[in-house]
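Peer 1: sequence and predicted structure are below.
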Amino acid sequence: MALLKRLAEHDREVLPFTLDGQPATGLQGDTLLTAVLTRADALRGSDFSAEPRAGFCLMGACQDCWVKLGDGRRVRACATLLEAGHCVSREPGRTL
Amino acid sequence: MKLSGIVIIGAGPAGIRAAQTLVAYGLQPCLIDESLRGGGQIYRRQPENFKRSAKALYGFEASKAQAVHATLDRLQADIDYRPQTLVWNAEAQSLDTLHDGVADQLPYTHLIVATGATDRILPVPGWTLPGVYSLGAAQIALKFQGCAIGERVVFAGSGPLLYLVAYQYAKAGAKVAAVLDSSPLSAQTRALPALLGQPATLAKGLYYRGWLTAHGVPVHQGVHLQSIQGEQRVRSVRWRQGEQERTLDCDAVAFAHALRSETQLADLLGCAFSWSDLNRAWLPTRDTSGRSSVEGVYLAGDGAGIMGADAAEMAGELAALTLLSDTGHQVDAARSTALQHRLDAIHRFRHGLETAFPFPEDWAANAPDTLTVCRCEEVSAGEIRQTVEQGHWEINRVKAMCRVGMGRCQGRMCGMAATEIVAHASGRDIASVGRLRGQAPIKPIPFGVEVDQ
Amino acid sequence: MSLPIEVEAVVIGGGIVGASAALFLAKSGRRVVLLERDFFGAHSSGVNYGGVRRQGRPLSQLPLSQRAHAIWGDLTNLIGIDGEYLRSGHLKLARSDKDMAALAAYEQASRGFGLDLQLLDREQLRARFPWAGDVAVGASLCADDGHANPRIVSPAFAHAARRAGADVYEQAAVSEVSHDGHAFTVRAAGGQTFRAPWLLNCAGAWAAALAEQFGEPVPMRSGHPAMLVTEPLPMFMDVSTGVEGGGIYARQVARGNCVLGGGQGFALDPATARPGQAAILDILRNAVELYPPLAGAQAIRTWSGTEGYLPDREPVLGVSSTQPGLLHGFGFAGSGFQIGPAAGEALAQIVCTGAPSIRLDAFSIQRFQPISQPALPTAPPATAAPAHAENVIPLFRGRSQP
């Protein structure tokens, strides 16, 4: 069910985190986007039709990859490095 | 080292060369950058614990990338370097910054704006599906994260980046299902004389192209990408070439039509803008020395018109030399002139690229009403057309009426496409439709932000 | 140069006041031209907060505001769209006992005008509006006040005026206005010239120049309220809110974005403005204590506009004190959106019947003049010589704390 496929840099420290409350792992140096999309195929639901979104530009411009962290902060997944223990939750979006 | 009051926004090739030049003349600039490690996009650095070589990451550009990175590393002792810092607003003599949840104000006397570019997107039905990314994004996934965007990737759109990223993916071991270039081969043939002006660049482009074909990657030209299909994620693409319609199974699509300049800060700074036919966009006006229309504000790199990374390095140095000269320093005038000549040559080459990879002017006419143009606000081409039918044609007015460009990305992804649709639907010249006004914050900023007093 | 087009009234300014005046005049069968320099409702009428509110206005404005409330109640019939208008209620928060006392005083003073204010103490506030911050000690609720989308409502008045028979022009800056003793001649940027016995000065923050031209200068200054909007958020705010004594006001639209206002901006040029850095940061830092669900939310855009303020924060509305046939409707001090349609209607009534149904004495332009100035007749001259009027001392209405 992953979107992204790891091609290189496999030999890195494994970092545990949770995704929507479920245990997950990523690798040191992953962005949150990579950590999530190497095991799932969406980052959020859209604001007006709850359709799945998984980012688009990967450079902090399109604003499509927002996720929520355990401390309530919302961050762009493409521009935020994964840290051990991160609690990442994905927002389901809304149908108007 | 004299604390200078000079601030450079953007630590890509332009910003880094500008900083280097100022330091060489004994000044200490502040260099602000939003990213984690600098380098801009094309020379984006991988995370510190990654091990691939520069050659693996940047191919033919490896030595240039390494030189830019080494320069930034060396400079850090001599400048006020602020990575992971967003400039979200600019007023006269003062910038608003955000770093690690703390808002601060940074006064400046002179500014070099080197804000770079993003992909330029002409949406296609299905482009909001998981698995669809811009060409730049596909490259960042590989270069910055060692990932491909999928198992079976289709590359589409046009421009030199199309072939470069497809080549990089195939070389890295990803399955490239096809390259779908909207430009016909005849356009590229026609452009050859102009492209010969930069023989090394042309050679590289031909090399990528030839390599793909030699390694069995289907390359199709004159393609009209009709839709990306799938329910929760990409499953296939549908496209038309001449009379033929084809469907191709895939699980990821990367597409774009060249690049667009990030001009929001120049706008907020009050820079005058003018229409560029070459970029098919309104750009902050820049004289041949890098000055904007605002005294004390200089523009360098792709943020004021797409010219590529080599030109960005030159333009960064040139803007710094101009700033130095404007502030009474003795500078090497011959060097400035040499840089200007080289930039002129690259500018001529860019015209050749535009001929080789022409903007698909029929895009708006072919865009179906159901196409989602603004992915933030979920506004369709049909809704934009309805707004034009109601008598609205100026782009900010259209935005006010139907919400296109009103979302989090402030029209970065949809602004050009929306303008094309408005121009086509209203029968007006594209430049007369206007440009989306820059508004602070240029990227979203959080409530509860702390303020540095 | 083209021959002047003869009409009954020329309205300068296509914001909500001018456009509604044109609409009501057209509906009464009068030949009216509406001239807008930029796009209809593109300025203050289109970029304001969107509050459709009676509560908090000076008592002097309440009769007109109550009439506007009735007009808003029929909005879809009037302008053809619902404009996202919701009678969500307007909740004015108090952050101290002193502020609460002010709300209570206003509730008392405004009885009889039809606002039906309900005062809520801390417990009642928490029970009904649990999202309000602890900093609020109480509130005053006007259940039938609400909010709408100014960006689409204001232009819709102009389009409705056109459908009702008005000639409406955008991108038609007025280059010259003159009066020859019989009628006004108005020249517009496109070369058209209009001639009319009535001229309505509804030019918003730019109306003072015309008033000055006719010998009745007003001390109007421009202000630029700062506005901010969030990304779409889960719905939590079911009323439009304000704060006693000033502060950050907020409303949440159906799509989930919160619109907030507070602080000031600055002019970029005579027609455009931006929020100041300090105002934006102020909203980001201080809004959360009033509206805790905003914690962690992102601000995605800010803007400002140009409002006209007179020193007493009341508009100029009504007849000219110097020029028969000239009517004014401007200077609404950031509060023109709700009351605008009634202001426009009042001006139309002056043209059609000689007087507005609701008295406009409190808004007379005369209040900026020395007391010895004589009043002139309302109507344009039927004959060459105007009638001579007696000295009139302007009346000052008392008003409560806003």
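Peer 2: Ah, there it is. Source: prediction; values computed, not measured.
Peer 1: please see if stretch B:85-100 touches chain A.
Peer 2: No - Stretch B:85-100 lies out of reach of chain A by CB under 8 Å from any CB of the partner chain, never closer than 8.7 Å. For glycine as for every other residue, the C-beta is placed from the backbone atoms N, C-alpha and C.
Peer 1: is chain C contacted by that stretch?
Peer 2: Yes - applying CB under 8 Å from any CB, one finds stretch B:85-100 touching chain C at B:N89, B:E91, B:S94, B:D96.
Peer 1: what's near enough to touch B:P130?
Peer 2: A:L3, A:D41, A:A42, A:P52, A:R53, A:A54, B:Q232, B:R233, B:V234 (CB atoms under 8 Å, 6 or more residues apart in numbering or on different chains).
Peer 1: need the residues of chain C near chain A, please.
Peer 2: Counting by CB under 8 Å from any CB, the residues of chain C near chain A are C:E231, C:P232, C:P234, C:A254, C:R255, C:G256, C:A295, C:G296, C:A297, C:Q298.
Peer 1: which parts of the stretch 51-200 of chain C sit against chain B?
Peer 2: Neighbours of chain B within the stretch 51-200 of chain C, by CB under 8 Å from any CB: C:R151, C:I152, C:P155, C:H159.
Peer 1: if you rank these by neighbours, which is first?
Peer 2: C:P155 (30 neighbours; other CB atoms under 10 Å in any protein chain shown).
Peer 1: and the closest residue in space to B:R52 that isn't next to it in sequence, what is it in contact with?
Peer 2: Computed as CB to CB, 6 or more residues apart in numbering or on different chains, the closest residue to B:R52 that is not its neighbour in sequence is A:A8, at 6.1 Å. Residues near A:A8 by CB under 8 Å, 6+ apart: B:R52, B:A56, B:G146, B:A172.
Peer 1: who wins on neighbours among the residues you listed?
Peer 2: B:G146 (27 neighbours).
Peer 1: any idea how far it lies from C:A278?
Peer 2: B:G146 sits 44 Å away from C:A278, going by CB to CB, to the nearest Å.
Peer 1: ditto for B:L135
Peer 2: 41 Å.
Peer 1: neighbour-wise, which of these two wins?
Peer 2: B:L135 (29 against 15).
Peer 1: tell me the confidence at C:A389?
Peer 2: The confidence metric pLDDT takes the value 34 at C:A389.
Peer 1: go on, A:R39?
Peer 2: 97.
Peer 1: hang on, it in a helix?
Peer 2: No - counting by DSSP: H, G, I helix; E, B strand; the rest coil, one finds A:R39 to be coil, located in no helix.
Peer 1: burial measure for it, as a count.
Peer 2: 16.
Peer 1: picking up where we left off before, can you select the buried ones among the residues of chain C next to chain A for me in ChimeraX?
Peer 2: To isolate the buried ones among those in ChimeraX, judged by 16 or more other CB atoms under 10 Å in any protein chain shown, type:
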select /C:231,232,255,256,296,297,298
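Peer 1: how about the contacts made by C:L103?
Peer 2: C:L103 makes contact with C:K92, C:A94, C:L119, C:G138, C:A139, C:S140, C:E244, according to CB under 8 Å, 6+ apart.
Peer 1: please enumerate the helices of chain A.
Peer 2: A:32-37 (DSSP state H).
Peer 1: an error on my part: the question was meant for chain B.
Peer 2: Going by DSSP H, chain B shows helices at B:13-24, B:54-58, B:62-75, B:135-145, B:160-171, B:185-195, B:199-214, B:264-268, B:309-326, B:333-356, B:363-366, B:381-389, B:395-402, B:415-426.
Peer 1: same thing with the stretch 101-250 of chain C?
Peer 2: C:122-128, C:150-163, C:208-213 (DSSP state H, counting those that start in this stretch).
Peer 1: tell me who's in contact with residue 94.
Peer 2: Here I'm looking at chain A. So A:R94 contacts A:G45, A:D47, A:F48, A:A50, C:P232, C:P234, C:G256 (CB under 8 Å, 6+ apart).
Peer 1: oops, chain C please
Peer 2: So C:A94 contacts C:M100, C:A102, C:L103, C:A136, C:V137, C:G138, C:A139, C:S140, C:E244 (CB under 8 Å, 6+ apart).
Peer 1: what subset of these is buried?
Peer 2: C:M100, C:A102, C:L103, C:A136, C:V137, C:G138, C:A139, C:S140, C:E244.
Peer 1: quick one: which of those residues is nearest C:S88?
Peer 2: Closest approach between those and C:S88, by CB to CB: C:A139, at 14.0 Å.
Peer 1: what's the nearest residue to whichever residue of chain B sits closest to chain C if we skip its chain neighbours?
Peer 2: Proximity of chain B to chain C (CB to the nearest CB) peaks at B:P444, 3.6 Å away. Take B:P444 and drop its neighbours on the chain: the residue closest to it by CB to CB, 6+ apart is C:Q298, 3.6 Å away.
Peer 1: look up how far C:G15 lies from that neighbour.
Peer 2: Counting by CB to CB, the gap from C:Q298 to C:G15 is 31 Å.
Peer 1: before we move on, back to that, list the ones among the contacts of C:A94 that fall in strands.
Peer 2: Among those, the ones falling in strands (DSSP state E) are C:G138, C:A139, C:S140.
Peer 1: circling back: mind putting the residues of the stretch 51-200 of chain C next to chain B into TSV with pLDDT?
Peer 2: As requested, those are exported to TSV (pLDDT from 0 to 100):
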residue	pLDDT
C:R151	96
C:I152	96
C:P155	97
C:H159	98
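Peer 1: if we can go back for a sec, ranking the helices of the stretch 101-250 of chain C by burial, who's on top?
Peer 2: helix C:150-163 (a mean of 25; mean count of other CB atoms under 10 Å in any protein chain shown).
Peer 1: just checking, what packs against it?
Peer 2: helix B:395-402, helix C:16-27, strand C:32-35, helix C:44-47, helix C:75-79, strand C:167-169, helix C:336-353 (3 or more CB pairs under 8 Å, 6 or more residues apart in numbering or on different chains; DSSP states H and E).
Peer 1: so, low pLDDT: which residues of the chain?
Peer 2: Answering for chain A, as no chain was given. Scanning chain A for pLDDT under 70 picks out no residues.
Peer 1: right idea, wrong chain: chain C
Peer 2: Using pLDDT under 70, chain C drops low at C:1-2, C:371-402.
Peer 1: centroid residue for it?
Peer 2: C:G336 (1.0 Å; CA atoms, centre = their mean).
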